[in-house]
Structure formats: C-alpha cells, structure tokens
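Undergrad: Quick one: sequence and predicted model below, then my questions.
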Amino acid sequence: MAIMITEECINCGACEPECPNNAIYEGGDEWRYADGTALKGTYKGQNSGNTVAVDTPNMPVSMDYYYIVPDKCTECVGFHDEPQCAAVCPVDCCVDDPKYRETTEELLNKKENMHLV
C-alpha cells in the first residue's frame with residue numbers, strides 16, 4: 001500500500017527530504033514521475049494505470065498540505081525498514097492509504113522500475 005498524509009499535517013516539511021522516491025510534495029506543487037527517479041520517456045503508474053510522459057507536470061494532490069503521490073510511493077521498501085516519512089513526522093499524519101494495497105513484491109517492482117540506471 002502507499003502512505004498518505006492526512007489533513008492534520010502542519011506543513012513542517014520534515015517528510016519531504018526523507019523520501020527516497022521523491023514522492024512527497026508541498027501542497028500546491030505540481031509533480032512529475034521523473035522527479036527524483038531514473039525514469040525517462042513514458043511510465044505506466046502501477047496504482048493509476050495511466051501511461052504518461054515522465055516529464056509531464058501533474059496537478060497537485062493537495063493544495064493545502066504536503067502530499068504523497070501513490071504511484072511513486074514504495075513505503076521505502078528496498079531502501080529502509082520502515083516508511084521514513086512516518087518515522088520523522090512530528091504529528092503522526094503519515095499513515096497507510098487504504099485506497100492502495102500492494103504486496104512487498106509489487107512495491108519492490110515499483111522501486112526497481114523507477115530507479116533503473
């Protein structure tokens with residue numbers, strides 16, 4: 001599953017630099033699949049099923065507080081033992097997103113697809 005940031009977020013920004021997939025963005029910021037990954041060309045999002053050019057800007061998920069892009073979140077599988085955003089969040093607003101359920105194998109596959117070099 002992916003992690004999500006709840007509306008209890010205080011916009012401290014502690015989570016953003018901890019994400020190895022660059023899946024966390026400040027509220028109102030556009031995001032791209034290419035941000036912080038090795039992706040080039042097009043990419044099919046594992047959660048969304050959409051195939052898009054990786055440099056295409058996407059609409060923010062939230063305008064008001066930090067957010068996590070589910071198609072880029074791997075729960076830090078393959079990088080760390082636990083999601084780093086949740087580990088550093090001072091208000092515990094980084095939680096499991098019930099909309100996106102993925103196995104460890106799916107999360108590892110997503111990580112490897114995004115970070116091919």
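TA: Arrived safely, thanks for sending.

Undergrad: Going along the chain, name the strands of this protein.
TA: Along the chain, the stretches classed as strands by DSSP state E are 3-5, 24-25, 42-44, 51-53, 67-68, 94-96.

Undergrad: Using JSON lines, lay out these together with mean pLDDT.
TA: Output for the strands of the chain, formatted as JSON lines (pLDDT from 0 to 100):
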{"stretch": "strand 3-5", "mean pLDDT": "97"}
{"stretch": "strand 24-25", "mean pLDDT": "98"}
{"stretch": "strand 42-44", "mean pLDDT": "90"}
{"stretch": "strand 51-53", "mean pLDDT": "91"}
{"stretch": "strand 67-68", "mean pLDDT": "98"}
{"stretch": "strand 94-96", "mean pLDDT": "97"}
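
Undergrad: Those strands: which one's closest to residue 35?
TA: With Cβ to Cβ, the closest approach to residue 35 among the strands of the chain belongs to strand 24-25: 8.2 Å. C-beta here means a position set from N, CA and C on the backbone, and glycine is covered the same way.

Undergrad: Identify the neighbouring strands of the closest one in the sheet and state each direction.
TA: Here strand 24-25 has these sheet partners by DSSP bridges: strand 67-68 (antiparallel).

Undergrad: contacts for the partner strand?
TA: 2-5, 19, 23-25, 27, 60-61, 85, 94, 97 (Cβ atoms under 8 Å, 6 or more residues apart in numbering).

Undergrad: now swap in stretch 90-110 and tell me
TA: Outside stretch 90-110, the residues within contact range by Cβ under 8 Å, 6+ apart are 1-10, 12, 14-15, 46-47, 68, 70-71, 73-75, 77-78, 83, 85-86.

Undergrad: Which of the residues you listed fall within helices?
TA: 85, 86 (DSSP state H).

Undergrad: Just the buried residues of the contacts of stretch 90-110.
TA: With burial judged by 16 or more other Cβ atoms under 10 Å, the buried subset of the contacts of stretch 90-110 is 1-5, 9, 14-15, 46-47, 68, 70-71, 73-75, 77-78, 83, 85-86.

Undergrad: Reformat the contacts of strand 67-68 into a markdown table and put distance to residue 113 next to each item.
TA: A markdown table is the format used below for these (distance: Cβ to Cβ, whole Å):
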| residue | distance to residue 113 |
| --- | --- |
| 2 | 15 |
| 3 | 18 |
| 4 | 21 |
| 5 | 23 |
| 19 | 16 |
| 23 | 13 |
| 24 | 19 |
| 25 | 20 |
| 27 | 27 |
| 60 | 23 |
| 61 | 21 |
| 85 | 20 |
| 94 | 23 |
| 97 | 20 |
